[in-house]
Each structure stands twice: as C-alpha cells, then as structure tokens.
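*Asks:* Fold the following for me, if possible:
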Amino acid sequence: MSLRFPATITKLVHSLVFMSCLSLVESPEIQAVIGNDVILPCHTVFDKNNSKVTWKHSGQIVHTYQYGKDYLTNQHTNFKNRTSLFHDEMTRGNLSLKLTNVTERDAGSYSCEVPEQSKHLITLVVEIQAVIGDDVILPCHTVFDKNNSKVTWKHRDQIVHTYQYGKDYLTNQHTNFKNRTSLFHDEMTRGNLSLKLTNVTERDAGSYSCEVPEHPGHLITLVVEIQAVIGDDVILPCHTVFDKNNSKVTWKHSGQIVHTYQYGKDYLTNQDTNFKNRTSLFHDEMTRGNLSLKLTNVTERDAGSYSCEVPEHPGHNITLVVERKPTKGPVHVTSK
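*Replies:* Numbers count the residues shown, from 1 in each chain. As a prediction, this is how the structure comes out:
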C-alpha cells in the first residue's frame, strides 16, 4: 500500500530540501584603509542577462544588478557614486563589488545575494594608520543632539572618552587614555563625533567603537606603525604586567615565531630562521613590564605586523614599515 501526499505538502518538502542545500559562504576579513578603494570578493554561478545579484550592508542596499544592468533606485545614500561591479567578468561568475573612498561607516558585514545560490558573507575592517608618537583622528559621523545625547568611545571594552548632556564625562576613562583624548565640540551639532588621540603608543592599536544610543555603532581599527630603514636596528615596543621568572612572552611576525622568553630565560628553539641572531629583549627591564623587542639589521622581509603575546593579558600589535635608504643624487662639481 503506497501513501500519496497532497501536492502542497510535496512542494513544501521539495522547497525545504532545496533550501537546506543552500549555504552561507564566509570569506576571510578584508582590510581597507580610510580613503582607499577596496574590492569585496564574490564568485558564484550567474546568468548575466536573466539573474539578479544584490549586495547588502547591515540590511542596507549597497548595489543591485538585474536582467543585464545596474539597478540603483534603492541604493542607500551612503554608497551613492561609490560602487561598481565587473560587468565584463560576470559571465565567469565574478560578482565582486568595488567600493571607492572607504569611510568609517563602511565597516561591518556585507552579503552578496543571488536567488537560489549560496549567500556570501564578507566582513570589511576599516583601518586608520598612525606612527608611534604622532596624533591621530578616529572619524565618526552620525546624527547627534549635543545637549541631550551621549557618545561613548571604547577600545575593546575600555572606556576611551564619554560626552553626555553637553560636556565631557571622563570619570570612567581608562588610565591609558588619560589627558590624551578630545572631541571636536564646535562640530558636534553637525554630527562630527570624531576622536583625537595624541601621542600614540603601541597599546592604542586595535578596534575602536563610537557608540551613540539608538544609532548604529561605528567600528574602526587603529594600526600603529613604527618605521625603520633597511640595515638599521629598531625597537618594537611592548609594555605590560610581567613576572620575569614565571611568565612567558612570545613575539610573532605573521604567525612566525620571532622570539620567546619563558621561565627566566630566552627560548629560541622554534625561532624562525629569518630572525636568527638578530633579536633580543631587555632582560633588566622586564620586571618593570618592558617586553620590547630589539631587531637588528632590518631587511625588507621584516616588514609587516608583529604581536607581543603574554598569556592572560591583551596582546599588543604593531606594524613595522621598512623603508629603503635614501639614494644620494649625483654630486655636481663646479669649477672656478
């Protein structure tokens, strides 16, 4: 005896099975520096003339292409005149989005959606760069009532700066930021809630949030840089609480072990060969929390991101920018 189901139930089962086959495809984070352009990747099967693709950012329409042409009527104003697709490559499945002149508002999650295909998710991390010792402005712009609203800047979970009801409120400010932060009070009525941070240190690196109740938060990542010329020595700073005899610190460069110190001595067995005989720590200052790394005879290969990692303490990240020695121009000798 065979069972027969109504057509509506059969269609529903087929739909559920089909939907279960669809999946989310997550790509690695994409970084972009404020003011630069960026390409958010998306590749899938696509019929250029009969299909539709929609890019979204936190529910906002970023860019739509359907039935052979761009359709930007519903595009959010934040993205106006800043987006484009690679039309010549769409028949090969390239639906990547080019976003120009990146701002802090662009940070966050993006989706590339094609009906009946997998949804692609991409996270855009917006960065701003600053050299140790310099000042930097972390941008934030949104609707704001200067006298009746509140804005809080945070670094990880630390309070960086708070403004509420017409004045700064710094009682809960983290000690790392004391006397180093300010807002642009004269421009707040126009929505400028940007933070000025002076005398940047390695501890300042990382993610910042600009939070206003009832408005989407803005995220921006501060990349702290130190510069060195090829052939010179450089000190990469790192300061934190440290028990010299019972703790461990590991310096890494793009996943490679640069230098390890544990239980009272250097441990270099796993050191990457690129750094052999070129690294040292300041042993006499470690009890005072100085875990800075000295790197000698800098090469082009040394450029990039470094992390200073101590278990149970926040890691410190710093980017080494390696520059070539300036070339001397020809010497002109004039005869008298």
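*Asks:* which stretches of the protein form helices?
*Replies:* Read by DSSP state H, the chain holds these helices, from start to end of the chain: 7-21.
*Asks:* Break it into its domains for me.
*Replies:* When the chain is parsed into structural domains using automatic domain parsing, the resulting residue ranges are 24-125, 132-224, 230-323.
*Asks:* Let me have those in CSV, adding mean neighbour count and mean pLDDT as columns.
*Replies:* C-betas here are computed from N, CA, C, even on glycine. What follows is those, written out as CSV (neighbours: other CB atoms under 10 Å; pLDDT from 0 to 100):
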stretch, mean neighbour count, mean pLDDT
domain 24-125, 16, 92
domain 132-224, 16, 93
domain 230-323, 16, 93
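*Asks:* partner residues bridging the one residue sitting closest to the centre of the chain?
*Replies:* Among the residues of the chain, the one closest to the centroid is residue 125, at 3.6 Å (CA atoms, centre = their mean). Beta-bridge partners of residue 125, counted by DSSP bridges, are residue 31.
*Asks:* Distance check, it against residue 266.
*Replies:* Between residue 125 and residue 266 the computed distance is 34 Å (CB to CB, to the nearest Å).
*Asks:* same question, residue 72
*Replies:* Distance check for residue 72 against residue 266: by CB to CB, it reads 59 Å.
*Asks:* what does residue 311 give?
*Replies:* Distance of residue 311 to residue 266, given as CB to CB: 17 Å.
*Asks:* same question, residue 287
*Replies:* The span separating residue 287 from residue 266 equals 16 Å under the rule CB to CB.
*Asks:* cool, and residue 201?
*Replies:* Distance, residue 201 to residue 266, by CB to CB: 25 Å.
*Asks:* Residue 295 now?
*Replies:* Applying CB to CB, the value for residue 295 to residue 266 is 14 Å.
*Asks:* Kindly report the same for residue 190.
*Replies:* Distance, residue 190 to residue 266, using CB to CB: 54 Å.
*Asks:* Then residue 243?
*Replies:* As for residue 243, its distance to residue 266 is 16 Å (criterion: CB to CB).
*Asks:* Residue 26 now?
*Replies:* To residue 266, residue 26 is 39 Å away according to CB to CB.
*Asks:* just residue 247 next, same as before
*Replies:* 14 Å.
*Asks:* all strands for the stretch 1-150 of the chain, in order.
*Replies:* All strands of the stretch 1-150 of the chain, identified by DSSP state E, counting those that start in this stretch, fall at 24-26, 30-33, 38-40, 52-57, 60-66, 69-70, 83-85, 97-99, 108-113, 119-131, 136-138, 150-155.
*Asks:* Turn these into a markdown table, including distance to residue 282.
*Replies:* Written out in a markdown table, the entries for the strands of the stretch 1-150 of the chain read as follows (distance: least, CB to CB, whole Å):
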| stretch | distance to residue 282 |
| --- | --- |
| strand 24-26 | 41 |
| strand 30-33 | 31 |
| strand 38-40 | 39 |
| strand 52-57 | 45 |
| strand 60-66 | 49 |
| strand 69-70 | 58 |
| strand 83-85 | 49 |
| strand 97-99 | 44 |
| strand 108-113 | 40 |
| strand 119-131 | 22 |
| strand 136-138 | 27 |
| strand 150-155 | 26 |
